[in-house]
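Participant: prediction below, plus the sequence it came from.
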Amino acid sequence: MMVARCLLAVVLMLALVSGGWCQQRPAGVQGAQPASPGKPQPPGGPPAAIPVPAPAAAPDKAALEAAAGLKGTDHLWEDVKRYGAKGDGKTDDTKAIQKAIDAAVTRGTKMVLVPPGVYATGNPGLRITTSDMVFKGLGYNTIIKHSGDHPALTVGSGKKPPCINVKIADLQFNGKTARKDAILLEDYTIRYYIENVCIFNFASGTAIKAVDHNHSGHISLVQLNNNAVGVSIGDHGQYTDISFSKIHHNKKYGIEVTDCNVINIISTQIEKNGDHPGGASVMARGVDALNLIGCYNEQNDKFPAPFLVLTKGPVHPLCKAVNLIGCRSIGNKKAPHSVVLEGADTVNFTGNVFTSFAKGTFVLRPLQPNQVRKISGQGNFLGEPLGDNIFALK
């Protein structure tokens, strides 16, 4: 009996092997499964195994960058220190930074990064002439310390085609020994952005100067102090905003706009500018559509100039369509006047506070007969003395 059982087991094993039920799957092949006992098989036996290719190896990032001539993240911007800038406050870094600017154009990165440090620059200054460029630091620990008789940074070539969409951000300019401007925007600089920039000590020049045919500028979150002029926008400048900034202790003007169209000054502190009566915190000459909204002004005996002067320009004889809305101007009983009207047509004062000016808030000083007209106002707080009754002008 025992021998018969052993013979039966051997026969069953041979039957299983000859039927292919116990075949092993080849290495690297998936999908071949043994048939379930008791289930009928399709003609020809179990389905053939389907080879599955092994996953491709991930590309080597370093190898790809090396093949493209790049290293790490250097292809995203140009670091001025890669081009020899020291940032030690002593070495003249003008040429090194300009090399980085030029490389940003030729390599197509269009961004120049200036790490924290003090970068001494001089003549001929720095220049950007290509559209779509970004020149930025890493906050107020990035300082351009400029000297010489050229602007620290010039944007544009002064001719067509225009230089469009340039951004300057996140750094300081110190011009203690400079004899010119900090940022000069040449003719035909369009859609420029100056953000989170501090400019001081350009006592012989202007912090931000935009000359003829500039438009669509955005100046925001800037601090401008101890310069001759804070912001100057010249002939044919238009559609430009100055917002959320502090412009103070500039010797001649805080903001100067001449023969421009549509200038908006919004939520900006413009105080203690003009250290002599010929100055002003805001000097407007021949401007069409000037809007001051939510601005703060304070003058005193050391800065006795007015908050706002409206007068004629070299081209336009009057300032037209001027609105002061929600502004506050304080004279500390020492500054003589807040608003001086010499050439103005259609001026609206709404919801403002004027107080504590020693000789009267308003002064009418028309340069020619009938050059100040159509002055209106509502909801203003006017402290004594009022000065001239400008609202009687129709």
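Facilitator: All right, it came through fine. Predicted, not measured: the structure shown is a model, and the values here were computed from it. Residues are numbered from 1 along each chain as shown.
Participant: helix, strand or coil for Ile97?
Facilitator: helix (DSSP: H, G, I helix; E, B strand; the rest coil).
Participant: count of neighbours near the nearest residue to Leu76 once chain neighbours are set aside?
Facilitator: What sits nearest to Leu76 in space, not counting adjacent residues and going by CB to CB, 6 or more residues apart in numbering, is Thr109, at 6.5 Å. Bear in mind the C-beta positions are built from the backbone N, C-alpha and C, glycine included. Per other CB atoms under 10 Å, the neighbour tally for Thr109 reads 18.
Participant: sticking with Thr109, tell me its helix or strand.
Facilitator: Using DSSP states H and E, Thr109 sits within no helix or strand.
Participant: backbone phi and psi for it, please?
Facilitator: phi -70, psi -30 (degrees, to the nearest 10).
Participant: tell me where the stretch 51-200 of the chain is predicted with low confidence.
Facilitator: Residues of the stretch 51-200 of the chain meeting the criterion pLDDT under 70: 51-75.
Participant: for it, which segments are assigned as helices?
Facilitator: 61-67, 94-106 (DSSP state H, counting those that start in this stretch).
Participant: what comes up buried for the longest strand along the chain?
Facilitator: Among the segments of the chain that qualify as a strand by DSSP state E, the longest is strand 163-178. Neighbour-count burial for strand 163-178 flags 163-175, 178 (criterion: 16 or more other CB atoms under 10 Å).
Participant: list the strands paired with it, with their directions.
Facilitator: Strand 163-178 has the following strand partners under DSSP bridges: strand 134-137 (parallel), strand 142-148 (parallel), strand 189-200 (parallel).
Participant: and these: which comes nearest Thr91?
Facilitator: strand 142-148 (11.0 Å; CB to CB).
Participant: contacts for the closest one, please.
Facilitator: With contact meaning CB atoms under 8 Å, 6 or more residues apart in numbering, strand 142-148 is reached by 89, 114-125, 152-153, 170-180, 182.
Participant: quick one: contacts for the residue nearest to Leu76?
Facilitator: Thr109 touches His75, Leu76, Trp77, Glu78, Ala103, counting by CB under 8 Å, 6+ apart.
Participant: repeat that for Ser329.
Facilitator: Ser329 touches 297-299, 307-308, 338-339, 352-355, 357, 361, counting by CB under 8 Å, 6+ apart.
Participant: picking that back up, TSV for the strands paired with strand 163-178, including distance to Lys95?
Facilitator: Output for those, formatted as TSV (distance: least, CB to CB, whole Å):
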stretch	distance to Lys95
strand 134-137	16
strand 142-148	13
strand 189-200	23
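Participant: could you dump those to CSV with distance to Asn323 and mean neighbour count?
Facilitator: Output for the strands paired with strand 163-178, formatted as CSV (distance: least, CB to CB, whole Å; neighbours: other CB atoms under 10 Å):
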stretch, distance to Asn323, mean neighbour count
strand 134-137, 33, 22
strand 142-148, 36, 22
strand 189-200, 24, 22
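Participant: Ala96: which of those strands is closest?
Facilitator: strand 142-148 (12.4 Å).
Participant: how close does Gln223 get to Lys334?
Facilitator: Using CB to CB, to the nearest Å, Gln223 is found at 24 Å from Lys334.
Participant: what's the neighbour count on Gly294?
Facilitator: Neighbour tally, Gly294, other CB under 10 Å: 15.
Participant: circling back: more neighbours: Gln223 and Lys334, which one.
Facilitator: Neighbour comparison, Gln223 and Lys334: the larger count goes to Gln223, with 18 against 14 (by other CB under 10 Å).
Participant: and the more buried one, what is it in contact with?
Facilitator: Val197, Cys198, Ile199, Phe200, Ser245, Lys246, Ile247.
Participant: rewinding a little: could I get the contacts of Ser329 in TSV, plus columns for neighbour count and pLDDT?
Facilitator: Below are these laid out as TSV (neighbours: other CB atoms under 10 Å; pLDDT from 0 to 100):
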residue	neighbour count	pLDDT
Asn297	26	97
Glu298	20	96
Gln299	27	94
Phe307	32	97
Leu308	26	97
Ser338	27	96
Val339	28	97
Asn352	21	98
Val353	14	97
Phe354	26	96
Thr355	16	95
Phe357	28	94
Thr361	26	94
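Participant: now intersect those residues with the strands, please.
Facilitator: Asn297, Glu298, Leu308, Val339, Val353, Phe354, Thr355.
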